[in-house]
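Novice: Just need the structure, nothing else, for what follows:
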Amino acid sequence: MIKIFIDFLIKICKIKKEKIKAWILIYPDLNPQKCLDFWKKHSGLNLKNFNKTICIRGKHKTKKLEFGVCNITVSNTYFKEKLMEWIKLMPDIM
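Specialist: Below is the predicted model:
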């Protein structure tokens, strides 16, 4: 899903790859470098696209994600306005 979303941002929304940022949420017992390498490989982003990794203590000791959670952000006001307009234009399915 992360790769598809990044491809959507680049190909459809015309966001430059340099404007896409990512950060990883991990648990204390995970290796930060291993998780970063995993998300770099599977997202197609470079090291410079990644911000600081955040470490949290999970509520469940057995229900953990092996490589943490990758979050994607884009800081672009114009893109935000455009996306909000697209959402308004979606048909009301409820």
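Novice: Look up phi and psi at residue 30.
Specialist: For residue 30, the backbone dihedrals (degrees, to the nearest 10) come out as phi -90, psi 150.
Novice: try residue 24
Specialist: Main-chain dihedrals, residue 24, degrees, to the nearest 10: phi -120, psi 140.
Novice: Can you tell me who the spatially most central residue of the chain pairs with across the strands?
Specialist: By CA atoms, centre = their mean, the mean C-alpha position of the chain lies nearest to residue 72, the distance being 2.3 Å. On DSSP bridges, the residues paired with residue 72 through beta bridges are residue 22.
Novice: Can you verify my assumption that it contacts residue 8?
Specialist: No: in this structure residue 72 lies outside contact range of residue 8 using CB atoms under 8 Å: 10.2 Å. No exception for glycine: its C-beta is placed from N, CA and C like everyone else's.
Novice: now the strands for this structure?
Specialist: In order along the chain, the chain carries the following strands (DSSP state E): 20-26, 54-55, 69-74.
Novice: Listing request: residues of this structure with sub-threshold pLDDT.
Specialist: Using pLDDT under 70 as the threshold, the predicted model of the chain has low-confidence ranges 58, 60-63, 92-94.
Novice: swap the cut-off to 80 and go again
Specialist: Scanning the chain for pLDDT under 80 picks out 58-64, 91-94.
Novice: ok, which stretches of it are helices?
Specialist: Listed in chain order, the helices found in the chain under DSSP state H are 2-7, 32-43, 77-89.
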